[in-house]
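S.K.: return atomic coordinates for the entry below.
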Amino acid sequence: MDIEEQQVIEIVNRTAYIENLLNQVIENYCSPHKDRFMFFWDVVLDSSIMPIGSKVKIAMAVAQNVSFRLDQDALHKVMALRNAFAHHQTGSHPVLVVGKTTDEDSVHFQLQVISNSGQITRKKRHDAYVEFVKSFSSAELSLVDLLACIKNETPAV
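M.R.: Predicted coordinates:
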């Protein structure tokens, strides 16, 4: 398996982890009855019923309700970059840069990344991977902190 394929697997797995954190935020905030807990996880939070984009919106609403500043930008970048990597073959969009000499010539592969606002940008695969890793770390930290905030919140009486 080449490095590009390994990166795609890593990105898909890390995004699944972010989705699991989103699920935990929603579950901890909503506190479903114990007899409905598995239904909540197996049906309500299933990605075919509630896609990750909807889970991000719910987490943003939860964050507002508990006065927490969620790193929305990092979450949106994780989703956009994950989609770009998952939906482009590892060898798609080759770009040849011709330098003044043949030693300055280079080849790289690009991804088309579509943001949540619909803006399309082209990024080198390597640069997109580096951006994903950075955004993942920020998104993970933000969600873990939000989860801790929810768990430590004193219920209103």
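S.K.: so E140 sits right up against I18, yeah?
M.R.: Yes. Judged on C-beta atoms under 8 Å, E140 makes contact with I18 at a distance of 6.7 Å. C-beta: built from backbone N, CA, C; applies to glycine.
S.K.: what about these two, which has more around it?
M.R.: A count of neighbours by other C-beta atoms under 10 Å puts I18 above the other of E140 and I18, at 23 against 18.
S.K.: buried set for the helix or strand where the more buried one lies?
M.R.: I18 belongs to helix 3-30 when assigned by DSSP states H and E. For helix 3-30, burial by neighbour count (16 or more other C-beta atoms under 10 Å) applies to 7-8, 11, 14-15, 18-19, 21-29.
S.K.: and the gap between the residue lying closest to L143 once chain neighbours are set aside and G53?
M.R.: Closest residue to L143 apart from its sequence neighbours, by C-beta to C-beta, 6 or more residues apart in numbering: L21 at 4.1 Å. In this view, L21 and G53 are 15 Å apart by C-beta to C-beta, to the nearest Å.
S.K.: strands of the chain, start to end?
M.R.: Applying DSSP state E to the chain gives strands spanning 94-97, 106-114, 120-124.
S.K.: worst mean pLDDT among these?
M.R.: Among those, strand 94-97 has the lowest mean pLDDT, at a mean of 62.
S.K.: quick one: list the elements packing against the helix holding I18.
M.R.: Helices and strands touching helix 3-30, by 3 or more C-beta pairs under 8 Å, 6 or more residues apart in numbering; DSSP states H and E, are helix 52-65, helix 72-86, helix 125-152.
S.K.: which residues touch the second one?
M.R.: So that's helix 72-86. 7-8, 11-12, 14-15, 18, 52-53, 56, 59-60, 111-116, 123, 128-129, 131-132, 135-136, 138-139, 142-143 (C-beta atoms under 8 Å, 6 or more residues apart in numbering).
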